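Participant: quick one: sequence plus predicted model below, questions after.
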Amino acid sequence: MERKIEFTKMQGLGNDYIYVDVMKYPLPDPERYAVEWSRPHTGIGSDGLVLIGRSDRADFSMRIFNADGSEAKMCGNASRCIGKYLYEKGLTGKTEILLDTLSGVKVLHLFPEQGVVNRVSVDMGVPADIHPVTLGDGFPYAEGIAVSMGNPHLVIFVDDISQVALQDVGPALERHPLFPDRVNVEFAQVIGEGEIRMRVWERGSGITQACGTGACATAVAASFAGRCRNESDVVMDGGVLHIRWTGEGGHLFMTGPAVKVFDGVIEIS
């Protein structure tokens, strides 16, 4: 028996996901649909699938599945888009929303203008497990900085980011033995005071236009390494995120756009 599911495709800096309100449309086997719907030619096309649901400890919950079906703990770009979705769909009138994720409860600050939310700031919590790592033989880059934003990141600073063959080195670094659960990989170049150019290979999705938690991890790593202060703009292929970190042991705030691409209906059996 076929059933119709309403969805919304949204993007934050080109990091695009399919959003489903599972309070209205329960979705069994989301891993399967993340894979099927994310395909660009035979599906909807996206970096993954995001489920918006109820929570016992926050206003709403988020579950996020990558294009390969694996479940992620957190996505900064997706969390901003959820804030826009909830407000514009009339599911809340709040401009401060508590969002339950697998990496903890995040606080979304919305900036609506005439009923439309184009910009959201997210309290991403406290960055953790920040330390330098040596990548070892067999890898073209010797060192990086590990950062946890509720999900694992490896940040590698380079002199010229245009020379990084991300499609070649990304898969191997994602599965580096130091990270048994795989890792998101960011290559970064400081291009000015408080400005960082970054490209990302996302765990489970590959090259994406942007990564919110990756931008946060990159800003933290830059501050940790003395390359930038605690406030910076991270420039990605899809656009710019403003990152403000209150310092070691303190919270980090990410601010950027959220855009609806289109609404749609898809049938499942």
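Facilitator: Done, it's in. Numbering: from 1, shown residues only.
Participant: quick check, pLDDT for the closest residue to Gly125 other than its chain neighbours.
Facilitator: Closest residue in space to Gly125, ignoring its immediate chain neighbours: Gly104 at 5.8 Å, by C-beta to C-beta, 6 or more residues apart in numbering. For the C-beta atoms, the positions are set from N, CA and C on the backbone; glycine is no exception. Model confidence at Gly104, given as pLDDT, is 94.
Participant: and Gly104, how many residues sit next to it?
Facilitator: 15 (other C-beta atoms under 10 Å).
Participant: same check on Val50?
Facilitator: Val50: 28 surrounding residues under other C-beta under 10 Å.
Participant: residue contacts, the one residue sitting closest to the centre of the chain?
Facilitator: For the chain, Cys75 is the residue whose C-alpha lies nearest the centre (C-alpha atoms, centre = their mean; 3.0 Å). When contacts are counted by C-beta atoms under 8 Å, 6 or more residues apart in numbering, Cys75 touches 15, 17, 50, 64, 211-213.
Participant: taking those residues one by one, which sit in helices?
Facilitator: Secondary structure from DSSP state H places 212-213 of the contacts of Cys75 in helices.
Participant: neighbour-wise, which of the contacts of Cys75 leads?
Facilitator: Cys211 (34 neighbours).
Participant: isn't that one up against Glu202?
Facilitator: Yes - between Cys211 and Glu202 a contact is recorded at 5.6 Å, counting by C-beta atoms under 8 Å.
Participant: what's the separation between the residue nearest to Pro132 when sequence neighbours are not counted and Ile243?
Facilitator: Spatially, and ignoring its direct neighbours in sequence, Pro132 is nearest to Ile145 (5.5 Å; C-beta to C-beta, 6+ apart). Distance, Ile145 to Ile243, using C-beta to C-beta, to the nearest Å: 15 Å.
Participant: check Glu143 too.
Facilitator: Distance from Glu143 to Ile243, by C-beta to C-beta: 22 Å.
Participant: quick one, strands of the stretch 51-200 of the chain?
Facilitator: Residue ranges of the strands in the stretch 51-200 of the chain, as given by DSSP state E, counting those that start in this stretch, are 60-66, 71-72, 96-101, 104-113, 116-123, 128-134, 143-148, 152-157, 184-192, 195-202.
Participant: returning to that earlier point: quick one, which of Ile145 and Ile243 is more surrounded?
Facilitator: A direct count of neighbours by other C-beta under 10 Å for Ile145 and Ile243 places Ile243 higher, at 29 against 22.
Participant: just the CA atoms of stretch 39-59, as PDB, please.
Facilitator: What follows is stretch 39-59, C-alpha atoms only, in PDB (Å, rounded to 0.1, in the frame of the first residue of the first chain):
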ATOM      1  CA  ARG A  39      20.300  10.200  -5.300                       C
ATOM      2  CA  PRO A  40      20.500  13.100  -7.800                       C
ATOM      3  CA  HIS A  41      19.100  11.400 -10.900                       C
ATOM      4  CA  THR A  42      16.700   8.900  -9.600                       C
ATOM      5  CA  GLY A  43      15.700  10.500  -6.300                       C
ATOM      6  CA  ILE A  44      15.100  14.000  -5.000                       C
ATOM      7  CA  GLY A  45      18.800  14.800  -4.700                       C
ATOM      8  CA  SER A  46      20.400  15.900  -1.500                       C
ATOM      9  CA  ASP A  47      23.200  15.400   1.100                       C
ATOM     10  CA  GLY A  48      20.800  13.400   3.200                       C
ATOM     11  CA  LEU A  49      17.500  13.200   5.100                       C
ATOM     12  CA  VAL A  50      16.400  15.100   8.200                       C
ATOM     13  CA  LEU A  51      13.600  14.100  10.500                       C
ATOM     14  CA  ILE A  52      11.800  16.600  12.700                       C
ATOM     15  CA  GLY A  53      10.000  15.100  15.700                       C
ATOM     16  CA  ARG A  54       8.900  15.500  19.300                       C
ATOM     17  CA  SER A  55      11.200  15.600  22.300                       C
ATOM     18  CA  ASP A  56      10.800  15.000  26.000                       C
ATOM     19  CA  ARG A  57      13.600  17.400  26.900                       C
ATOM     20  CA  ALA A  58      13.400  20.100  24.200                       C
ATOM     21  CA  ASP A  59      10.900  21.800  21.900                       C
END
